[in-house]
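J.: Just need the structure, nothing else, for what follows:
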Amino acid sequence: MRKLCLCLFSLVLTISLFPLLLKAKDDDFVRQPPRRVIFTHHDRSDSDPQQVHISLVGKDHMKVSWVTDSKHCSSLVEYGKESGNYNAKANGEHTSYKYFFYSSGKIHHVTIGPLEPSTTYFYMCGSSGPEFSFKTPPSTLPLDFVVAGDLGQTEWTNSTLDHIQSIDYDVLILPGDLSYADTHQPLWDSFGRIVEPYASRRPWMVTEGNHEVESFPIIYPTGFKAYNARWPMPYQESGSTSNLYYSFEVAGTHVIMLGSYAEFDADSDQYKWLQADLAKIDRKKTPWVVALLHAPWYNTNSAHQGEGDSMRLAMEELLYTARVDLVFQGHVHAYERFTRVYNNKADPCGPIYITIGDGGNREGLALSCRPVVFRVHVKKVHIQPRVVPTKDKVRRPCFPSLLVQRTEFRTWTAQNGE
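T.: Sure, this is the predicted structure:
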């Protein structure tokens, strides 16, 4: 009987793994399995800042955000250009929230500035705890962006963050799915701690994904309670009325952060805001225009197929008419890059679409793709792009009279768990 059970088990295992073995045979990349979730514990005092991260506000300001377990800490940031010597300070605001039986700590947000470009500042939060530092972005090109989507908090996340830390970038942009808390609120705290060594040193600009929604009928019908409290972005500065979509400018780049999980039809606030935002762009001031969203408009992966189609049909023409250069999208846990495309056809005036949803989430990689004629590059691996608008002058497609800065697109790949 025991031998029969072992044979049956072996047969079931073979049937289960055979498709994966066939898939691996045709691929020169050794795929790694999903890694375990890492819960990062709080190891400071209740009054010390934790989960520190920064974000751009306007032309020359920075928002510093952090959490304290103590409710009696002040929302104060002291800062200066020399370590331990703080000749400026600013007060801000604080908030907190409840989610069922969970109560957050005191969440602080303080905007500091004006700040000088390409300058290192040292700062303390609430006059307690360790000193932090950050470097402001340059005022002109070239500019280094790092793009990472669907980050999560796993051993793969740590690998991605190690790669990010290895270069001297200027701004990180994230097209949704941050903590993968999925209503388990302590994971928001853990995520804040795991990214603090990176997000406290360079501005992180994010937009929401489906894992940020966390809605619940009647009790939390609108969702995004934790996301809005913990990761407020500079939406008001761009004329938006929602933290779920906004834009910002840095050096010679206008960046549009769209909300896949906010209303987007032609009568929606987001659609009207996007129209107005695109109309205000000055291509002589910001020759590069980049957009981010979560659910892909173009996707040949079997995962999440068609989930971004409704938004694409509603908004794609706006981006096309404005000659947006690049669109980064997440949600699908793979890397995929398209040629310039519009309305499902290759078009030299359309944006380049890049899926970058493989930052390290707990769900692993999406492995199955369908053929398409206008896709130019696909690799289903852990990969994070580094986008560098450079000083070399070139002529952009569909802007024959405008000389602009060339974009250098660099990538690095985590191979075999490294």
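J.: going forward, measure contacts between C-alpha atoms and count neighbours the same way
T.: Noted.
J.: for the stretch 201-350 of the chain, what spans make up the strands?
T.: Here the stretch 201-350 of the chain has its strands, by DSSP state E, counting those that start in this stretch, at 204-206, 246-250, 253-257, 288-293, 326-329, 335-342, 345-346.
J.: Nearest to Glu82, out of those?
T.: strand 204-206 (23.0 Å; CA to CA).
J.: Buried residues in stretch 199-218, which are they?
T.: Buried residues in stretch 199-218, defined by neighbour count with 16 or more other CA atoms under 10 Å: 199-214.
J.: cool, stretch 90-105 as well?
T.: Neighbour counts using 16+ other CA under 10 Å place Gly92, His94, Ser96, Ser104, Gly105 of stretch 90-105 among the buried residues.
J.: of the buried residues of stretch 199-218, closest to Ser133?
T.: Arg201 (5.7 Å).
J.: OK, contacts around that closest one?
T.: His53, Ile54, Phe132, Ser133, Phe134, Lys135 (CA atoms under 8 Å, 6 or more residues apart in numbering).
J.: Counting by contacts, list what the strand or helix carrying the second one packs against.
T.: What it means is Ile54. According to DSSP states H and E, Ile54 maps onto strand 50-57. In terms of contacts (3 or more CA pairs under 8 Å, 6 or more residues apart in numbering; DSSP states H and E), strand 50-57 is packed against strand 61-68, helix 186-199, strand 204-206.
J.: Pairing partners for the first one, with directions?
T.: It stands for strand 61-68. Strand pairing for strand 61-68, using DSSP bridges, gives strand 50-57 (antiparallel), strand 106-112 (antiparallel).
J.: what bridges to the nearest residue to Ile107 once chain neighbours are set aside?
T.: In space, and not counting its chain neighbours, Ile107 is closest to Val67: 4.5 Å by CA to CA, 6 or more residues apart in numbering. Here Val67 sits in beta bridges with Gln50, Ile107, as judged by DSSP bridges.
J.: Check whether Val67 really touches Gly105, as I assumed.
T.: Yes - using CA atoms under 8 Å, Val67 is in contact with Gly105, at 6.0 Å.
J.: about what we covered before: between the buried residues of stretch 199-218, which is closest to Lys81?
T.: Distances from Lys81 to the buried residues of stretch 199-218, taken by CA to CA, are shortest for Arg201, at 13.9 Å.
J.: Spit out the contact partners of Trp188.
T.: Ser179, Tyr180, Ala181, Ala226.
J.: Can you check the residues you listed and name whichever has the most neighbours?
T.: Counting neighbours by other CA atoms under 10 Å, Ser179 leads the contacts of Trp188 with 25 neighbours.
J.: In helices, which of the contacts of Trp188 appear?
T.: Ala226 (DSSP state H).
J.: Now render the contacts of Trp188 as a markdown table, adding distance to Gln165 and pLDDT.
T.: Converted to a markdown table, those look like this (distance: CA to CA, whole Å; pLDDT from 0 to 100):
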| residue | distance to Gln165 | pLDDT |
| --- | --- | --- |
| Ser179 | 19 | 94 |
| Tyr180 | 22 | 93 |
| Ala181 | 24 | 95 |
| Ala226 | 26 | 98 |
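J.: The contacts of Trp188: which two are farthest apart?
T.: Checking these with CA to CA, the most distant pair is Tyr180 and Ala226, at 11.7 Å.
J.: before we move on, the earlier item: what about the residue nearest to Ile107, neighbour count?
T.: Look at Val67: counted by other CA under 10 Å, it has 30 neighbours.
J.: OK, contacts around it?
T.: Pro49, Gln50, Gln51, Val52, Gly105, Lys106, Ile107, His108.
J.: Among those residues, the buried ones, what's the PyMOL command?
T.: Per 16+ other CA under 10 Å, the buried members of the contacts of Val67 correspond to this PyMOL selection:
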select buried, resi 49+50+51+52+105+106+107+108
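J.: With distance to Gln165 and pLDDT as extra columns, can I get the contacts of Val67 in a markdown table?
T.: Below are the contacts of Val67 laid out as a markdown table (distance: CA to CA, whole Å; pLDDT from 0 to 100):
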| residue | distance to Gln165 | pLDDT |
| --- | --- | --- |
| Pro49 | 22 | 97 |
| Gln50 | 19 | 97 |
| Gln51 | 17 | 98 |
| Val52 | 16 | 98 |
| Gly105 | 28 | 97 |
| Lys106 | 28 | 98 |
| Ile107 | 26 | 98 |
| His108 | 25 | 98 |
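J.: so which of the contacts of Val67 comes closest to Val324?
T.: Taking the contacts of Val67 together and measuring to Val324 by CA to CA, the closest member is Val52, at 32.4 Å.
J.: leaving aside the residues next to it on the chain, what's closest to the closest one?
T.: Distances taken as CA to CA, 6+ apart place Trp66 nearest to Val52, at 4.4 Å, with adjacent residues excluded.
J.: Same question for Thr40.
T.: Residue nearest to Thr40 in three dimensions, not counting chain neighbours: Ser190, with 4.8 Å by CA to CA, 6+ apart.
J.: where do the strands sit along the stretch 51-200 of the chain?
T.: According to DSSP E, counting those that start in this stretch, the strands that the stretch 51-200 of the chain contains are 61-68, 76-80, 88-91, 93-95, 98-99, 102-103, 106-112, 120-125, 132-135, 145-147, 171-174.
J.: What helices and strands are in contact with the last one?
T.: If I follow you right, that is strand 171-174. Using 3+ CA pairs under 8 Å, 6+ apart, the elements in contact with strand 171-174 are strand 145-147, strand 204-206.
J.: weakest of those strands by average pLDDT?
T.: When those are compared on mean pLDDT, strand 145-147 scores lowest, with a mean of 93.
J.: strand partners of it, parallel vs antiparallel please.
T.: Applying DSSP bridges, one finds strand 145-147 paired with strand 171-174 (parallel), strand 383-395 (antiparallel).
J.: rank those strands by mean pLDDT and give me the bottom one.
T.: Minimum mean pLDDT among these: strand 383-395, a mean of 51.
J.: do you know how far the residue nearest to Leu278 when sequence neighbours are not counted is from Ser238?
T.: Nearest-residue entry for Leu278: Ala322, 6.5 Å, with adjacent residues in sequence omitted and distances by CA to CA, 6+ apart. Separation of Ala322 from Ser238 (CA to CA, to the nearest Å): 17 Å.
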